[in-house]
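In: Would you be able to build a 3D model of this:
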Amino acid sequence: MSKVTVVGAGAVGATCANVMACREVASEVVLVDIKEGLSEGKMFDMYQTSTLMDFDTKLVGATNDYRKTANSDVVVITSGIPRKPGMTREELIGTNANIMKGVIANVVKYSPRAIILVVANPMDTLTYLALKASGLPKNRVIGMGGALDSARFKCYLAKATGANINNVDGMVIGGHGDTTMIPLLSKASVNGVPVAQFASKKKLQEAVANTMVGGATLTKLIGTSAWYAPGAAASMMVESILNDQKKIIPCCCYLEGEYGQSDICIGVPAVIGRKGVEKIVGLELTREEAEKFEASAAAVRKTNQVLHEIKAL
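Out: Below you'll find the predicted structure:
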């Protein structure tokens, strides 16, 4: 028996819960929100699709009642205000840091053995806050960002190369931000063949640029943050944890010397299994990629500093 709680019944949280239910990732999925009746209504709606989608996952909705989340194996945190058009992830920190601290207190109280997966933005900084505020081991607090950014990179690479998207492999490391993420073009391939054999340098650079503004592009189009891909990315990570799949997933991890960085949560490839982050995978970066990673880490640290300025840490 496995139990997953999703905190935040907005578009991303509800999508994550729905994907996990339909794929039967966990035996029980709990959706929590502060808005009266929202999570209960969404979970009842999902429950009504059970016979249509052929799943029997137990679904529970709760209005700010963390007792129903007790003994969760994984807690996915999506709560916080969404990014609005023209707003950067970094601008969200003031409000969302306070929300995160309240959620973490309840998670530690009711599910002290849980692995925490942070989706809320600014993700790298809120993952760092969740780790410090919870007091949990570094392997049990993970940020989702790289999984989503890498999925977007593969999407744009597929468009650039004309390849079947499921044959495309690509990875994004660094901070989960429009200017801090680093799509690794040097490692991208189509079924093991370098993407340079399938598309011009110009097209591939366009794929990189489009990946970096992938979230902002969707925000402009639909007026709010995306939800299908982020929700699915979080669900995929939960599945790798619960089923001990040990997938190598680019995600936000706490570093202690890896990639030349310490005391920071930032996107790197990691083996994700039943213990959470089981191993951080080292990559041989080009000089340009290494310089970009250094700059990305500096930008994340600058945002982290705000946590001290607002006395969140």
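In: so where do the strands sit in this structure?
Out: 3-7, 28-33, 58-63, 74-77, 115-118, 141-143, 168-169, 172-174, 181-183, 189-190, 193-194, 247-256, 262-273, 276-280 (DSSP state E).
In: residue ranges of the helices in this protein, please?
Out: Ranges of helices within the chain are 11-22, 38-47, 50-53, 93-110, 123-134, 145-161, 201-212, 214-222, 228-242, 287-309, based on DSSP state H.
In: Comparing those helices, which comes out most buried?
Out: Highest mean neighbour count among these (mean count of other Cβ atoms under 10 Å): helix 123-134, with a mean of 27. C-beta: built from backbone N, CA, C; applies to glycine.
In: so what's residue 307 closest to, chain neighbours aside?
Out: Distance criterion Cβ to Cβ, 6 or more residues apart in numbering; nearest residue to residue 307, sequence neighbours excluded, is residue 313 at 4.5 Å.
In: pLDDT weak spots in this protein?
Out: 82-84, 87-90 (pLDDT under 70).
In: What does the residue nearest the centre of it show for phi and psi?
Out: When Cα atoms, centre = their mean is applied to the chain, the residue found nearest the centroid is residue 144 (1.7 Å). When read as degrees, to the nearest 10, the backbone of residue 144 gives phi -80, psi -20.
In: wait, it sits on residue 123?
Out: Yes: counting by Cβ atoms under 8 Å, residue 144 does reach residue 123; the two are 6.8 Å apart.
In: if I look at those two, which residues touch both of them?
Out: residue 252 (Cβ atoms under 8 Å, 6 or more residues apart in numbering).
In: hmm, back to that, export the helices of the chain to JSON lines and tack on distance to residue 86?
Out: JSON lines is the format used below for those (distance: least, Cβ to Cβ, whole Å):
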{"stretch": "helix 11-22", "distance to residue 86": "19"}
{"stretch": "helix 38-47", "distance to residue 86": "26"}
{"stretch": "helix 50-53", "distance to residue 86": "37"}
{"stretch": "helix 93-110", "distance to residue 86": "16"}
{"stretch": "helix 123-134", "distance to residue 86": "19"}
{"stretch": "helix 145-161", "distance to residue 86": "20"}
{"stretch": "helix 201-212", "distance to residue 86": "17"}
{"stretch": "helix 214-222", "distance to residue 86": "8"}
{"stretch": "helix 228-242", "distance to residue 86": "19"}
{"stretch": "helix 287-309", "distance to residue 86": "18"}
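In: Residue 260 is nearest to which of those?
Out: helix 287-309 (7.3 Å; Cβ to Cβ).
In: Show me what the closest one is packed against.
Out: helix 93-110, helix 123-134, strand 172-174, strand 181-183, strand 262-273 (3 or more Cβ pairs under 8 Å, 6 or more residues apart in numbering; DSSP states H and E).
In: Please export the C-alpha coordinates of that helix as CSV.
Out: Extracted C-alpha coordinates of helix 287-309, given in CSV (Å, rounded to 0.1, in the frame of the first residue of the first chain):
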residue,chain,number,x,y,z
ARG,A,287,33.7,24.7,-20.9
GLU,A,288,30.7,26.8,-22.0
GLU,A,289,28.3,24.6,-20.2
ALA,A,290,30.4,24.7,-17.0
GLU,A,291,30.5,28.5,-17.1
LYS,A,292,26.8,28.6,-17.6
PHE,A,293,26.3,26.3,-14.6
GLU,A,294,28.5,28.5,-12.5
ALA,A,295,26.4,31.6,-13.5
SER,A,296,23.2,29.7,-12.9
ALA,A,297,24.2,28.7,-9.4
ALA,A,298,25.2,32.3,-8.6
ALA,A,299,21.7,33.5,-9.7
VAL,A,300,20.0,30.8,-7.6
ARG,A,301,22.1,31.9,-4.6
LYS,A,302,21.0,35.5,-5.1
THR,A,303,17.4,34.4,-4.9
ASN,A,304,18.1,32.2,-1.9
GLN,A,305,19.5,35.3,-0.1
VAL,A,306,16.0,36.8,-0.2
LEU,A,307,15.0,34.0,2.3
HIS,A,308,17.4,35.5,4.8
GLU,A,309,16.3,39.0,4.0
